[in-house]
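A.B. asks: my questions concern the predicted model and sequence given below.
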Amino acid sequence: MRITTKNLQRTYLKGLNQNIKKLSDSNERLNTGRRFSRLSQNVVDGSKALRVRELMQRNLDYVSNAQQVQLELSSQEDKIMQMQNLVQDAKELMIRGYSQTHNEDDRTIISGQLNQIKEAMVQIINSKSVDKYTFATNHNEPPIQVNGSDITFYGQNVNHNDRSDFANGAFNVDIGFLMNINQSAIDVLGHGVDTSGIPNNILVLLNDISTSLLTNDTTHQAQYTAKMDTIATQMLMKVSDIGMKVNYLDSTLSRFGDENLALTTKQNNLEAIDFEEEVIFNKTYEMAWQISLQLGSKVLPLSIFDFMR
């Protein structure tokens, strides 16, 4: 069988193109560090890699949400602790005020100090963390309104005993599961009255104590003292509950970190090249390309080979 020059040239050019394509693809892999740049180049590993990337992005979203929740919970914890300290201060002032060693002027001063503590609590409970009111749940406005002795939570008097009177939906955050970080002002300050008619809300209680000091009425001194202790304890319990959530978030963030590390390793195994191995292949392809050029001088007309050079 006679092999014509034209067939020989066509076969040579085909092999030459194959060699330069292999060298070009190898150069691209070295530049990008990836085994393939299109899904069609490796459908099986490419599909797995896309799934891994999806999982990594999901975890990153969860981490971002969890970090935001941590900031929110930290703000709640700090502010509740501030109010708990104010409750203790108010209790000490109340005991001093009811003491027989203090006269009317002293009681008036202490009454004013109690009112200042109440105002400080209102400022804390109505404050913001970043761009959201800390104890407003899903509302974006101050939760507590004070108009003289009338204290309301979004228009509802805080002396209502029925919890359903205070419509404030839960605020859930997705961190791989739904965590309710709802901490409303009415839950922190209290609402309603007990069986003795003593208010459960610390702001209303301070109003009553202040009034009783001005009138030197010690009728409910024991109940007021016990209620102060109860409110302070409830606030500490809320701080403890927040602390448990923060600890759980810490462990959750650690778990996501471990998962993403494992996923990154898996992604590298699916997508990344072995640089040492690829360099060897690259040099091999380059050598094959150079050899093809040299052989071309024996196959192609000299004018064409010079043009290619």
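C.D. replies: Thanks, I have the structure now. Numbering: from 1, shown residues only.

A.B. asks: can you count the residues close to the nearest residue to residue 120 once chain neighbours are set aside?
C.D. replies: In space, and not counting its chain neighbours, residue 120 is closest to residue 86: 6.0 Å by CB to CB, 6 or more residues apart in numbering. For every residue, glycine as well, the C-beta is placed using N, CA and C. By other CB atoms under 10 Å, 20 other residues sit near residue 86.

A.B. asks: any idea of the pLDDT on residue 86?
C.D. replies: pLDDT recorded at residue 86 is 96.

A.B. asks: pretty sure it sits against residue 121.
C.D. replies: Yes: counting by CB atoms under 8 Å, residue 86 touches residue 121, with 5.8 Å between them.

A.B. asks: residue 107 and residue 212 touch, don't they?
C.D. replies: No: in this structure residue 107 lies outside contact range of residue 212 using CB under 8 Å: 9.3 Å.

A.B. asks: flag the shaky bits of the stretch 101-250 of the chain, pLDDT-wise.
C.D. replies: 164-177 (pLDDT under 70).

A.B. asks: just the helices in it please.
C.D. replies: For the stretch 101-250 of the chain, applying DSSP state H, counting those that start in this stretch gives helices covering 104-125, 185-189, 202-214, 221-271.

A.B. asks: please identify the most buried of those.
C.D. replies: helix 185-189 (a mean of 24; mean count of other CB atoms under 10 Å).

A.B. asks: quick one: that one to chain centroid distance?
C.D. replies: Taking CA atoms, centre = their mean, to the nearest Å, one finds helix 185-189 lying 24 Å from the centre of the chain it belongs to.

A.B. asks: just the C-alpha atoms of that helix, please, in PDB.
C.D. replies: The C-alpha trace of helix 185-189 is given here as PDB (Å, rounded to 0.1, in the frame of the first residue of the first chain):
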ATOM      1  CA  ALA A 185     -39.100  42.700  77.300                       C
ATOM      2  CA  ILE A 186     -42.200  41.300  79.000                       C
ATOM      3  CA  ASP A 187     -40.400  38.000  79.800                       C
ATOM      4  CA  VAL A 188     -37.400  39.800  81.300                       C
ATOM      5  CA  LEU A 189     -39.300  42.400  83.300                       C
END
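
A.B. asks: for it, which helices and strands make contact with it?
C.D. replies: Helix 185-189 sits against helix 104-125, helix 221-271, with contacts defined as 3 or more CB pairs under 8 Å, 6 or more residues apart in numbering; DSSP states H and E.

A.B. asks: can you name the element that comes right after the longest one?
C.D. replies: By that I understand helix 221-271. Using DSSP states H and E, the next helix or strand after helix 221-271 towards the C-terminus is helix 275-299.

A.B. asks: determine the set of other helices and strands touching that next one.
C.D. replies: helix 5-32, helix 302-308.

A.B. asks: hmm, back to that, relative to residue 243, how far out is the residue nearest to residue 120?
C.D. replies: 20 Å (CB to CB, to the nearest Å).

A.B. asks: can you check residue 111 too?
C.D. replies: Going from residue 111 to residue 243 by CB to CB gives 35 Å.

A.B. asks: for the stretch 51-200 of the chain, which segments are assigned as strands?
C.D. replies: Applying DSSP state E, counting those that start in this stretch to the stretch 51-200 of the chain gives strands spanning 128-129, 132-133, 144-147, 150-153, 156-157, 172-174, 178-180.
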